[in-house]
Structure formats: structure tokens, C-alpha cells
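Novice: Sequence first, predicted model second:
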Amino acid sequence: MITSHAPVHCPADLAEALALRAAHPEAMPLAGGTDVMVFVESGTLSPPAFLNLWGLAELRGVQADGDGLRLGALCTYTELEADARVQATAPALVEAARTVGAKQIQNRGTLAGNVANASPAGDSLPVLLALDAEVEVASVRGTRRIPMDALYTGYRKLALAPDELITAICLPARHPADVQYYRKVGTRLAQAISKVMLGGRLRIEGGVVTEARVAFGSVAAFPVRARTVEAALVGRPVDAAAADLVGADIKPIDDIRSTATYRLEVARRILQGWLAAVAAEGASSSR
Amino acid sequence: MLIGQDLIRADGPAKVTGQARYVDDVRPDGCLYGFTVRSPWAHARIDGIELDPDFDWTDITVCTAADIPGENVVALMTDDQPVLADGVVRHVAEPVALVAGPDRDRALAASHHVRVAYTPLTPLMDPEVSAGNAHRIFRDDNVYSRITVEHGEAERVLAETDTVITGTYRVGLQEQLYIEPQGMMAIPRADGGVTLFGSMQCPYYIVKALKRVLGHDDLNVVQAVTGGGFGGKEEYPSIVAAHAAVLALKAGRPVKLIYRRDDDLRATTKRHPAIMHYRVAVDRATGKLQAAHVKLLFDGGAYNTLSPVVNSRAVLHALGPYACPHVKVEGLMVATNTPPNGAFRGFGAPQVMFAAERHMDRIARELGRSPLELRRLNLYQDGDVTPSGQRLVDVGATQVLELALKEAEAGLPASGVPDRAGGGGAAARVAPGRGVAIAWHGCGFTGNGEAALKGQADVAIEGDRVVIYTASTDIGQGTDTIFPAIVAEVLGISVDRVANADHDTATVPDSGPTVASRTAMVVGGVVKQAAEKLLAALQAEVGAEGAFDDLLAQRKSAAPLRVRAQYRDDLGLVWDPATYRGDAYPTYGWACVIVDVDVDLDTGEVLYRRLVSATDVGKALNPVLCTGQLEGGALQGLGYATCEEVVLDDQGGMRNNRLTNYIIPTALDAPEMVTALVEIPFSGGPFGAKGIGEIPHDVPAAAVAQAIEAACGAVLDRLPMTPERVLAALQES
């Protein structure tokens, strides 16, 4: 299909949106549209109807959420990049937002849309995993939160009921002993789909890693945590050699954008590089 | 003096305000939309074509080979390519049938209900086993072209010299990637003829092809505003035009065929891939080249298109801008069951110049000399003789090299790596490197091609305006700006009184195709001549001498005064196409490219910091346009270097046929550019101008390869140098 003649439902508020969602679960939710429009034009997607969320005031803006932050589902990447609270809580997420598409995409695309689209190459997803983010979903039945780590159940499959909508992404407070990291290896410097992404978070207390999150994108059917590496990091000073264990955690594939060999090797190298830099930083700051 | 001024481009205001009318912006009443049904197989027998009886065909027009009123042939160099496959397909995406409907969705839907029964046959996909293969694609040996250029006794000297350095270099396909896809509209005229209107470089190619397809010559071809070509709209639009015309004549209504990007990428021509073997004897003590034997193998795809001419330019440029007393270059262009390759900026030269420059780097490495020193020792100088036996004059090679080196001494911009979004910040490990490469590029057609072609241009007085009639199309390079400047300069009038007539073959003469860096240099010269002739004709008419406007005021007649000029062969070129001996080109452009890169040692990514170039342009008729061409060509060359890779499936179909995965550089990937111009005038060009359209694409890739090697020791002899290949080479080094 080149054009879509499908009806577009435009709810006035969240309650109406949830009612429409329950009544028309086949309607494709539409936020920034930066993925959906591409799918429609290419014929990959031809939904019978759309549910346009763009006008819902309830889904806009960044709010305090206890000590953490609640990012409304319609927050664009540009809004996240400019928000001082997001910069302070999740610098790695800001870094990831800056790599999405190009400026025009960042102005229109939403973080929740990235989560909902569930691409293995979603730019923000490894960071959300590393930050222990939670996804707030709502339906006419109520609201619940799903840990990022439990959100994806398969290739482009989410643990959402057919009547649920994503309403926010929630970030825990940043611990003072945490360091965060984001690295995207793409095909070019803008409008690039990633070949490998790394989102990382280390909590270092008394020279010892007490919590580790290492997550990769574009190396599996959905973004994944490298649990073997995480386990190897915890309980000791930062050891860059832990990167060598990454092969136990990810099994990348050959595709149109890159090769399994390259992805695995680059995943190891960029993780090793980050860990080495953190270790060096720690060594210099303890002198 | 208008020449050498940065006049505003004639097409600029309409383009930036959205007023320019591309073919898809025009829809006559009753216009239908066409779609092309293509082969899914590299090679197959067509057993039948049927229409799904359950589909509603009432508003759909369908055409197959049987509906072609004239000959089923795309007339170009040879008659091997059909307009629509008849009985057999020879490459994936080959056009098999056409449909047209009232809108795009209907046409697309209908295309899915045209049932073509195929019996797949085993294709021949490997160019290395094509020549003489029992599987016949082209004539009796699958060879489109075999050319040898020989000077001296290369074999004997190679056998007698101690130091002989060999290397093999490979380059892949590259897509032209004009921003506006292929598009054409055919409009049946009330008088029984047909008008073709669309995106193109060469209106008269389409006239030539359509005469055969239609079986009559009652047609005219009009160029629409065209969004880029780069060679991709040299020969291919003849096919789109033939399809639109066949559909329009059957439907009795205008038909528009606008390619979707995915179809355009799958179906249309690309730069020829090549495998290039170099064997060069060198004097270890002096560093001078002694003899060279070069063997080139190009994959032309399933039909001939312009492949023999690509082979010709490749063999003539194969040694780069370096003097060598004994040379043998053998170029072989063969057929495979892959989509036909064709014209693309540089036309064979970027392939061989990557190999030639990399081979110079290899020689330098083996001799323990710096790549720059080896180049300085061997660069062409005035009086040197090329492999075809042409004695060179006004050689600008050393001048462009030294100027580029001087420009490159200015402070380098800081590495962009730490600040790049998602680039890893301080944890990223990068190494800087610089590469230097030098190009020569023969301007215009080979040998006395121009004398045979006899390109024409008209200039006319129409009221108080002067109108230029040429078939030379503006495809973004600035022709419509430069020609009026030339005419206004000759006539001594304001440039806004000079206009270009529409490029409509009903009214413009055949100026030759818009290709081969020839438009400003050759047709510009014919336009200049026409303007001089017009002034003379006006003087004769009023019987006086004087300024153009004074004469115009004395003119009694209000009728248009129109004169025609034709290319004048006064260069005295001597060329023998049978032996490939003589003056291969009327003149040569010279260019040096210096690239500064950062290589990411963890990922193999190559990041561009700055590209400095110095180019001998003869005379910059409009410096801003000239610089723009050089910068755009350089960026296209960087795409060729590191990111533009056509990924094929087992049928030869392009898998990454979307802009999201055929990767060209974006503005963020582009380096800072310093573009220096050298002006060594060419006596045969208007005001000394040389062709500049292609030379900027010739050696950026070679400079990048040298820069990568300088940065991290990784040796790459294959394009594109993707991060995957760079990382693998890094692990080997």
C-alpha cells in the first residue's frame, strides 16, 4: 500500500483513548508516527484503523515520580534531551536520544513509541534496561507497571494485553555511586539503524562494583541484558576482562546491516573500552 | 565580466520555493499511473502471462511484449535489450509486463494479479567465469568489450626487472542515488504523435530509442525539472519512456510511470563492479615506474547498455596520473545474469583510479618510501606520453598536489569523535590518519568523438530577449545558469535578458548527451560560437558594427533571428579507435584529494574530519557552482569509500533497496571541505573551461584507504571499506 485510507480515531482524553483501545484493539496506536508511517508506505503494515494519541494532554511532560521520573508517553526525544531533570537522572538516555534518526525525527518521535515498536535495534532500549526503567501501561481495567526487563517476550512481542496502552516510562532515582554509559555503533552518524548498542550502569561503592547492568541492542530478537557479564562484574573492582564473557550472553546474527562476527567482536570491544575507562577513572580518582 | 562570477543559479528560486515542476507534480486530465511487473528470477523461461480472472480489470491497461507497436528493443549501442522480456528473462527485476490504472494503489494492486509462469533456469552470476562460458547471455562469448592499450614492451621489461610488485583490487556496485527517482510521462497527442515528458539527462537518446519502439518518428521529448542524474538518467530513461509510451498508446490516455525508490534501486543501472590485477616493475634505486601490466575485469550485467565505453575509459585511465614507459592494459567487460550496469559519474575511472592509487601505496610500502614521495617521483609532467601515446601539455598534476598540501597545512579541525552522539565519549579509542591521492580525468568524449557527434546549439533574438536552444539538460549541475552567462558575456548584455528554451526536441537541436564532463566544456563552446554568430548575423542584417543593443535598436524586423552553431573540430586530435593509439582526450583535468580521518579502533568506523582538494578546472565559469560540483562529487566518493554497499541476494536482487539500508553519507558524516581551484586554461573550452563533473569522484576512496593505513596499519584493497572490513583488516595487521 502506498496510501492508507484507514479510519483514524482521535480521542479527546485518556479515558476515551482507553475505551477506544478496548473497543478496537486492532487499531494501530499512533504517537509520533516516525516508525508507523514508514511501515505503511513500504506496505509492511496496513492496519484497519489508527488510534491517534498525539492530542492526549495526560501523556505529555516529565513529572517527579517519588525520587525518580515519570516520562509521559508522548515525550519526544528533543524534550528529553532538553530536560534538566532527565539530564541529571539519566545522562545515558539523553545520549541515546541524541542518536535517534536525525533532528526532525527527534522532534516528532517519542520514547514510548520506541518502546512500543519493540525493534531489536531501538536506540533507547538498552539504556532503559540498564537503568531498570519501568513501563507504565493503562487500560479500562486499570494501571500497572512492567519492568523493562520483563517487557519483551519475543521478536517485536510485548507483555501487554490487547486493551493496554503505554502511558509512561518511569525511571528510578539516580544513585550517587552510579555511572552510566551509552554507545551506539550505527551505519553512519544520522538516520542510522544500529549494528550494536551498549547501555551500561555500574554502582561502585568502596572501590567495588555492587550492582551492574550491561544491556545490548541489535544482537538478539529484542534488547537483552548480559547477565553473565553482570554477575562477573559484581563484588570486585571494575575488571575490563569481564567483557570477554559477552559471548555467553549474546548470539548475534548476520543480516543486511552487519555480520554476527562483527557484532560479537564489537560488543566485546566497546564494553571492554568502557570498563577500562571506568577502571582508569576510578584508579585516578582514588589517588 | 560575467564569467567567473557567482551568478545566482537560474533554477534556484523555483526549487527553494517549491515552484519547480518535477514530472510527478504534473497530472494531465485522465492521466493513468503505471507500474512495472518485474522478474523475480535471475534467469528463467516465461511460459505464459495470464490475468487473474477474479480481479476487476475494467479500469486497468495491461501491456506485454506483444503490445509493442514497433521493435521490442532498447536502441543504444547494440540491440540486445528488449523493452519487455519476451519468452525469457535474463536478470532479476527485468520488466515483463506493464499495468496502468487510475491511481497508484490500483496500478500496484493490479500488478500483483498479473500471473507470469516461469521456469527458473540456472543463472551465470560470476564474471570471472563468464567470458567464453557455454551459458550464453551476450552473442557467442558473453564479452561486451575487450580493449588493449599498449605502449612499449611491458612484458619484456617486467620479465627483466628485479622488483615487480603485484596486487589485486576489488570494487563493488554503487548506486547513483539521484534524489528524484526515475519518472516519465507519455502523452498521446491529438495529431497522432506522442510527447514524452520526464526526468532525464539525454532527450535525444529517448528520441532514438522510441522511434524504434513506436515504429515512427512522430514524437518529441521534453525534459522536466530533474532531481539529479549522475549518469543514472543517461540511458535508463529510454526504458521508462518506452514503457510509458506503450501503455499510453494502448490506453489512449496519458500515462505516468514514477518509480518507487525500492523499484528504482532494484531495477536500474549501477556503477560496474570490477576486479583489477596490477603488476608493476619499479626501479628500487630511483623509485621510478618501469613497466606495468594491468588486467581489468568488469561485470556489465545482463545487457550491454554503455558498458564498452565504460571499459574504454577504464583502460585509458588505468595507470593514474603517473608516467611509465612500458604499459599494457587489458580491459574485459563481460555479461552476467544480474541487472545491467551503466553510466555513473566517472564512468570506469573511479574503479581503476582506486586500484592505481592503492597500487602506488603498495609499491611505496614495499620500497620503504612514503606514498607521497613515490607520487612526486612519478607524476606526469609536460611532455610525458600516456599509455595511448598522447603527448601531454599543460599538466597540472604537480600544481594541484602542492596546492592541496599547502591548504592542508592549515590547522585541522578537532576530532569529532568524543562529541559525537552515542560515540562513546572518552572511552572511545581512535587513531588519526591522513591520505593523499591524485587523479587525472579525460574531459569530454574519447578521441575524436566530438568531431563525429557534431553537437549543435541555437541562439536566437526574440524581442529584446535572447533565447538559447540546446538539448543539454540541467540536472542540478548548473547548465541553465552557465549557458546564459556565456551568451550574455559574448553579447555584452545583462544575463537576465538571456533565457534557456525548454529542452524539447521539437525545438532544440541535438547538442549531444549530457554526460562525460562535456556540457560546459564542449556544448558551452558551441553556445559561445552561436552567440558570436548571432552578433555577426545581426551586424549583417542591419549593415553596421557596434554593440549588440545598439544594433538591436537599429533592427527593422521584429521576426526572431536565430542562428545555429555546430561543434568545430580545430583541435587536430589524432585518434585510432581500432588500435587505441593517439590523443585519447582533448584535455585532462587534474585533482588532488587529501583526507584526514579518525579510525575507531574498536569498531572499524572511519570518521571524516576534513577533505582538502585542489582541482584544475581550466576556468571556473561560476566558482560557486564549480565548487559545489567538486564538493558533492567528493562526498559521493567518500560514500563509495566506506559506506555504499549494494547487498545482493542469490538471484542478484538488491536486498538493501531502501534509503534506510543503502547507506549514503548524511550532512553529519560529511567532513569540513576545503576546495581549492587551479585554472590552467584549455584552449578548446569556452574561456578556458575544462570538464569538472566527474573528476571529484575519482580518488577520495583511494585517499581514505591510505589514511586508514596511516592511522592504524589496516590495509584495504576492496571497496567499500565498511567497518566490518576495516575491523577484519585491523585484526590481521
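Specialist: That came through, no problem. Numbers count the residues shown, from 1 in each chain, chains lettered A, B, ... in the order given.
Novice: CA atoms for contacts and neighbours, from now on please.
Specialist: Fine.
Novice: In contact with residue 119, which residues?
Specialist: With no chain named, the answer covers chain A. Applying CA atoms under 8 Å, 6 or more residues apart in numbering or on different chains to A:Ser119 gives the contacts A:155-156, A:222.
Novice: that's the other chain; I wanted chain B
Specialist: B:44-47.
Novice: For the helix or strand that it is a member of, output the C-alpha coordinates as CSV.
Specialist: Using DSSP states H and E, the element containing B:Thr119 is strand B:114-120. Only the C-alpha atoms of strand B:114-120 are listed here, as CSV (Å, rounded to 0.1, in the frame of the first residue of the first chain):
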residue,chain,number,x,y,z
VAL,B,114,-0.6,-10.4,-13.5
ARG,B,115,0.4,-14.1,-13.3
VAL,B,116,3.6,-14.8,-15.0
ALA,B,117,4.5,-18.5,-15.2
TYR,B,118,8.3,-19.0,-15.1
THR,B,119,10.6,-22.0,-15.4
PRO,B,120,13.7,-20.9,-13.5
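Novice: Only the buried residues of that strand, if you could.
Specialist: B:114, B:116, B:118 (16 or more other CA atoms under 10 Å in any protein chain shown).
Novice: Adding distance to A:Gly282, write those residues out as CSV.
Specialist: Converted to CSV, those look like this (distance: CA to CA, whole Å):
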residue, distance to A:Gly282
B:Val114, 68
B:Val116, 68
B:Tyr118, 67
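Novice: Go through the residues you listed and name the one nearest B:Val221.
Specialist: Closest approach to B:Val221 among those (CA to CA): B:Val114, at 30.1 Å.
Novice: Got the confidence number for the spatially closest residue to that closest one that is not a sequence neighbour?
Specialist: Spatially, and ignoring its direct neighbours in sequence, B:Val114 is nearest to B:Leu51 (4.9 Å; CA to CA, 6 or more residues apart in numbering or on different chains). Looking at B:Leu51, its pLDDT reads 98.
Novice: Could you count how many residues lie near B:Leu51?
Specialist: B:Leu51 has 16 neighbours, counted by other CA atoms under 10 Å in any protein chain shown.
Novice: and chain A, which of its residues are near chain B?
Specialist: A:1-3, A:95-96, A:98-99, A:181-185, A:187-193, A:256-259, A:262, A:266, A:269-270, A:273-274, A:276-277 (CA under 8 Å from any CA of the partner chain).
Novice: Am I right that B:Ile335 is in contact with B:Glu128?
Specialist: If you look again at residue B:335, you'll see it is Ala, not Ile. No - taking contacts as CA atoms under 8 Å, B:Ala335 lies outside contact range of B:Glu128: 10.1 Å.
Novice: With neighbour numbers in mind, choose between these two.
Specialist: Of the pair B:Ala335 and B:Glu128, B:Ala335 is the one with more neighbours under other CA under 10 Å, namely 31 against 13.
Novice: who's in contact with the residue lying closest to B:Asp464 once chain neighbours are set aside?
Specialist: Using CA to CA, 6+ apart and skipping residues adjacent in sequence, the residue nearest B:Asp464 is B:Arg497, 7.4 Å away. Going by CA under 8 Å, 6+ apart, B:Arg497 touches B:464-466, B:488.
Novice: Could you report the distance from B:Arg497 to B:Val527?
Specialist: To B:Val527, B:Arg497 is 16 Å away according to CA to CA, to the nearest Å.
Novice: Then B:Val194?
Specialist: Per CA to CA, B:Val194 is found 29 Å from B:Val527.
Novice: do the same with B:Val393
Specialist: Distance, B:Val393 to B:Val527, using CA to CA: 26 Å.
Novice: can you check B:Ile461 too?
Specialist: Distance, B:Ile461 to B:Val527, using CA to CA: 14 Å.
Novice: So which of the two has more stuff around it?
Specialist: Legend: neighbour count by other CA under 10 Å for B:Ile461 and B:Val527, higher for B:Val527 (30 against 20).
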